[in-house]
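Asks: sequence below, structure please.
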Amino acid sequence: MTQAKDGDLVRVHYTGKLDDGEVFDTSANQAPLEFTLGKDEVIEGFRQAVVGMEPGDSKIVKIDPESGYGPHIPEMVIEVERENLPDDLDPDVGQQLKVEQDDGSSRIVTVVEKTEKTISLDANHPLAGKNLTFEIELVDISPES
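Replies: The predicted structure is shown next:
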């Protein structure tokens, strides 16, 4: 059997869980996730887990923040005065917003707190700083061309 290696196009089914067992993402009842190993299309810990697997193999892997979405960086949480926001914007805690940056790019932020005068926005990835557990099944490998 062929083992998955960097450069291969792979298809996997997966379920991702947090430490408390909450499922944050899954490919169940969907097409398998397809990506090329070694092209930074998935987090490093997920890539490492798939390398060496053969079609039909399943495994459970724990991924720490350093191999996942990185640490949660407190400096990426900012407080914005409500007077600096559009009048019709009253987001809920947990809501994600697209924010334009000075350089013209945009970033997704999550509302983490709001008061009468301010809203706190977190620009960290929602899974930053979290340990992740993935159940992975390698469905298929297409060797590099």
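Asks: residue 85 contacts residue 119, doesn't it?
Replies: Yes. In terms of Cβ atoms under 8 Å, residue 85 counts as a neighbour of residue 119; the distance is 6.9 Å. (Glycine included, C-beta is placed from N, CA and C.)
Asks: okay, those two: which has more neighbours?
Replies: More crowded of residue 85 and residue 119, by other Cβ atoms under 10 Å: residue 119, with 23 against 14.
Asks: bridged to the more buried one, which residues?
Replies: On the basis of DSSP bridges, residue 119 is bridged to residue 80, residue 114.
Asks: now for residue 85 and residue 119: what residues contact both?
Replies: Residues touching both residue 85 and residue 119 (Cβ atoms under 8 Å, 6 or more residues apart in numbering): none.
Asks: need the CA coordinates for the lowest-mean-pLDDT helix or strand in the chain. PDB is fine.
Replies: Here the helix or strand of the chain ranked lowest by mean pLDDT, DSSP states H and E is strand 96-100, holding a mean of 89. Provided in PDB are the C-alpha atoms of strand 96-100 (Å, rounded to 0.1, in the frame of the first residue of the first chain):
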ATOM      1  CA  GLN A  96     -17.800  37.600  13.700                       C
ATOM      2  CA  LEU A  97     -17.100  40.800  11.800                       C
ATOM      3  CA  LYS A  98     -15.000  41.600   8.800                       C
ATOM      4  CA  VAL A  99     -12.700  44.500   9.600                       C
ATOM      5  CA  GLU A 100     -10.800  46.500   7.000                       C
END
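Asks: pairing partners for that strand, with directions?
Replies: According to DSSP bridges, strand 96-100 has the following sheet partners: strand 106-114 (antiparallel).
Asks: average pLDDT across the partner strand?
Replies: Per-residue pLDDT values over strand 106-114 give a mean of 94.
Asks: I'd like the numbering to begin with 21 instead of 1 from here.
Replies: Happy to do that; since the first residue is 21 now, the last one works out to strand 126-134.
Asks: run the chain-centre distance for that strand.
Replies: 16 Å (Cα atoms, centre = their mean, to the nearest Å).
Asks: in it, what's buried?
Replies: 129, 130, 131, 134 (16 or more other Cβ atoms under 10 Å).
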